[in-house]
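J.: have a look; sequence and predicted model below, questions after that.
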Protein chains: 2
Amino acid sequence: MAIDHLDGRIIVLLAEEPRIGVLEMSRRLGVARGTVQARLDRLQSNGVIRGFGPQVDPAALGYPVTAFATLQIRQGQGADVRAYLATVPEVLELLTTTGSGDMLCRLVARSNADLQRVIDRVVGFDGIVRASTAIVMENPVPLRIIPLVEQAARDREET
Amino acid sequence: MAIDHLDGRIIVLLAEEPRIGVLEMSRRLGVARGTVQARLDRLQSNGVIRGFGPQVDPAALGYPVTAFATLQIRQGQGADVRAYLATVPEVLELLTTTGSGDMLCRLVARSNADLQRVIDRVVGFDGIVRASTAIVMENPVPLRIIPLVEQAARDREET
DNA sequence: AATCCACTGGGCAATCTGTTCAGTGGTACG
DNA sequence: CGTACCACTGAACAGATTGCCCAGTGGATT
């Protein structure tokens, strides 16, 4: 569950140069190939590394507008709302949060005008009582994990 | 910028089996290896595929608690707040949204108790006027992109 | 009709992968 | 103190994949 410094370096290396192979990694890290391979296998079966899926940019796909919608769900309708929103391609993420039947929903759209269509489609569903939307303007810190990985590796070292 | 059906299938295939190689992909898709290679190069230089970084699970790293903090920033302090929050490892993402000096901040913590420490560290910064936090309980739709890719590919076909 | 472009199918050398093996050092435990 | 376990090293092997090049084909553009 906890990762050590070598694990951390493997993840960072992988993040910087995803195309890198196990052999090249072992060379850069100064350890045997088998070691890197074993660490990688362990990290993956641990669930620390979920996978290496392609990171697709919605903007490049023609969806440059991102928004967050806070939804208030009618009592007992949670499951229905979830199932429905899962079918909407523009819903990139859905989370339930503290608060009375609240959900947070990450959306994308082709334009500000198109966002209206998406929102209508989302909040038009029966079971959603109220919704408030905030459009994302800038993304000063894009979704990242490396600093946390380094922190986790550091914690392990200091034990 | 727009992707066609083959591009879509490449991305989906890559998402399902990230370890797959270009050769195996060409076999599955029934096209020449060179074609897949060319498409992949194009998708990457287009920016549609940003990369293949490892997807790390914060929970497996020992940070099972996720929260969103809505921050209200004092006029003119935006840049300072961004720079500061970028230095906090537990801040996984930071976005500026519509609303007077509002930011949305994705956080993780080791526990609910630890979340207090993280929040203090985040909102303790001068320049943040007010903050409200929502703890994530469930994640019915984890961050995804495939449905949107399929939608984009479909749009292209129907032209 | 000429040109451009994407795709095909083939071939090549160089490289990497998956796997196995024996040997070494550190550590936990009886 | 001895044994067992574990992680790491360094090496080897066949098989597969990669990056790269080429000529030929078919469709679309000009």
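T.: Received, thanks. Residues are numbered from 1 along each chain as shown, chains lettered A, B, ... in the order given.

J.: what about the closest residue to residue A:104 other than its chain neighbours, which helix or strand?
T.: Spatial nearest neighbour of residue A:104, excluding adjacent residues (Cβ to Cβ, 6 or more residues apart in numbering or on different chains): residue A:95 at 4.7 Å. C-beta coordinates here come from the backbone N, C-alpha and C atoms, glycine included. Element membership of residue A:95 [criterion: DSSP states H and E] is strand A:91-97.

J.: can you give the contact residues for that strand?
T.: A:58, A:78, A:82, A:85-86, A:102-108, A:122, B:66, B:68, B:134-145, B:148 (Cβ atoms under 8 Å, 6 or more residues apart in numbering or on different chains).

J.: now with 7 Å, please.
T.: With Cβ atoms under 7 Å, 6 or more residues apart in numbering or on different chains as the test, strand A:91-97 has contacts from A:82, A:85, A:103-108, A:122, B:68, B:134-145, B:148.

J.: got the buried residues for it?
T.: By neighbour count with 16 or more other Cβ atoms under 10 Å in any protein chain shown, strand A:91-97 contains the buried residues A:91-97.

J.: would TSV of these with pLDDT and distance to DNA strand D be doable?
T.: Output for those, formatted as TSV (pLDDT from 0 to 100; distance: Cβ to the nearest atom of the strand, whole Å):
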residue	pLDDT	distance to DNA strand D
A:91	98	33
A:92	98	29
A:93	98	31
A:94	98	34
A:95	97	35
A:96	97	37
A:97	97	38
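
J.: just the closest of those residues to residue A:35, please.
T.: residue A:93 (35.8 Å; Cβ to Cβ).

J.: tell me the spacing between the closest one and residue B:54.
T.: 19 Å (Cβ to Cβ, to the nearest Å).

J.: next to DNA strand C, which bits of chain A? Give me the list.
T.: A:21-24, A:33-34, A:37 (Cβ under 7 Å from any atom of the strand).

J.: now render these as TSV, adding pLDDT and secondary structure.
T.: Compiled in TSV, the residues of chain A next to DNA strand C are given as follows (pLDDT from 0 to 100; DSSP: H, G, I helix; E, B strand; the rest coil):
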residue	pLDDT	secondary structure
A:21	94	coil
A:22	97	helix
A:23	97	helix
A:24	97	helix
A:33	97	helix
A:34	96	helix
A:37	97	helix
